[in-house]
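# Let's see this in three dimensions:
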Amino acid sequence: MRVLVAMSGGVDSSVAASLLADAGHDVVGATLKLWGGASDSGCCSVADVDDARRVADEIGVAHHVFNFTDDFDASVVAPYVGDHSAGRTPNPCIECNRHIKFGTLLDRARRLGFDALATGHHAGVDGDTGRWRLRRGADRAKDQSYVLSMLTQAELSQVLLPVGVLTKAQVRAHAAERGLRTALKADSQDVCFIRSTEGRRGFLGDRLPLHAGEIVDSATGAVVGTVPAVELVTVGQRRGLGVTVDGRRLYALAVDVDARRVVVGGADAALSDRVGVCRPTWVDGPLETGARAVAQTSAHGPTALCTWLGDAVVFDEPHPLVAPGQTIALYDEDDNDTVTGSAVAA
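Residues are numbered from 1 along each chain as shown. Sure thing, here's the model as predicted:
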């Protein structure tokens, strides 16, 4: 099989390429140039590209760099800025997977005659009846099925996830055994286009006006403080607000950028049994209204039993508020390792 492997310069994608090459596949590595600005984190730095190229040399496969900066800016960066300007909290890594890795890159792989695209994500793809399932990775602590939950049959039919059957320790052991330079490389944790020295405030402050706003107590309507930038507040946030009322810890319940206002409340008010959703995607056909599922609302957060209503997810028990713009991954109620689909909190 001819396989294009997305090589980020990290240990997981390095081992994905190595495993496929060792299995006898015709492997070609591809590193994506996504961000045209300065970067010191994530998978967009010069060092990461160099690591990917050198690993490809070490395992004896060809390596290319694809420039997708225009697509990345249009599909990931611009919406990220736009969502913050509207008081939403986007997940750029999920949108990059949706539009770039399993969109633009997969399209290029098809046009270049590859049979499959492989990545180093800790998740699984399987199927034996012509229909494909997306499953959690073997290492629950590193499972990345949440950030792939928007994939459909169209993508999964040509996607390989070789490290999904391994624990992270096994991935590093394989890299060490093969002498790969990324064996001990730390995992990327940050948004790749935001420098660690500038942070989210510095990045967004260069691209949109940030407005100070008032903090209003939902219980009394009283103004209890201020925030330096309403656009940087996330629904559900507690830290960084800098206010308490009667000793209560306060959480952001709503963000109104136009009114320059953040509404806050106590822990009980920061729970809800319902979240409106939009942009649903399905691995293998939509859930019927009223269907049961298991929801996960962050990359490594807890799961919660819920009911799918088409335009909303209703939790069995009160659940921490989900910020507008965040993805809700849905898993099968009877097999919590199998992804059913996803939607975005409205």
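# Residue 243: what's it in contact with?
If you count contacts by Cβ atoms under 8 Å, 6 or more residues apart in numbering, residue 243 has them with 215, 224-225, 250, 264. C-beta coordinates here come from the backbone N, C-alpha and C atoms, glycine included.
# Same list (the residues you listed) but as a markdown table, adding pLDDT.
Shown next, in a markdown table, are those (pLDDT from 0 to 100):
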| residue | pLDDT |
| --- | --- |
| 215 | 97 |
| 224 | 95 |
| 225 | 95 |
| 250 | 94 |
| 264 | 97 |
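# among those residues, which are in helices?
Using DSSP state H, no member of the contacts of residue 243 falls in helices.
# List just the nearest of the residues you listed to residue 154.
residue 264 (42.7 Å; Cβ to Cβ).
# Could I get the contacting residues of the residue lying closest to the closest one once chain neighbours are set aside?
Spatial nearest neighbour of residue 264, chain neighbours left out: residue 250 (4.1 Å); criterion: Cβ to Cβ, 6 or more residues apart in numbering. Neighbouring residues of residue 250 by Cβ under 8 Å, 6+ apart: 215, 217, 224, 238, 241, 243-244, 264-266.
# of those, closest to residue 14?
residue 238 (37.9 Å).
# Can you report how many residues neighbour that closest one?
By the measure other Cβ atoms under 10 Å, the count of residues near residue 238 is 13.
# and if you look at residue 273?
Residues near residue 273, counting by other Cβ under 10 Å: 14.
# Report the secondary structure element holding it.
strand 271-282 (DSSP states H and E).
# Quickly note the distance from the residue nearest to residue 264 to residue 218.
Residue 250 is 9 Å from residue 218, where distance means Cβ to Cβ, to the nearest Å.
# Let me see the contact set for residue 36.
Here residue 36 is in contact with 69, 73 (Cβ under 8 Å, 6+ apart).
# distance between stretch 68-78 and the chain's centre?
Its chain's C-alpha centre and that of stretch 68-78 lie 16 Å apart, by Cα atoms, centre = their mean, to the nearest Å.
# Contacts for that stretch, please.
32-36, 92, 95-96, 99-100, 103-105, 193.
# Mind giving me the PyMOL command for buried ones among those residues?
Buried members of these, defined by 16 or more other Cβ atoms under 10 Å, are picked up in PyMOL with:
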select buried, resi 32+34+35+92+95+96+99+100+103+104+105+193
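# Dump the contacts of stretch 68-78 into CSV; add secondary structure, pLDDT and distance to residue 206 as well.
Below are the contacts of stretch 68-78 laid out as CSV (DSSP: H, G, I helix; E, B strand; the rest coil; pLDDT from 0 to 100; distance: Cβ to Cβ, whole Å):
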residue, secondary structure, pLDDT, distance to residue 206
32, strand, 96, 23
33, strand, 94, 21
34, coil, 94, 18
35, coil, 88, 14
36, coil, 76, 14
92, helix, 96, 16
95, helix, 97, 20
96, helix, 97, 20
99, helix, 98, 23
100, helix, 98, 22
103, helix, 98, 27
104, helix, 98, 26
105, helix, 98, 28
193, coil, 90, 12
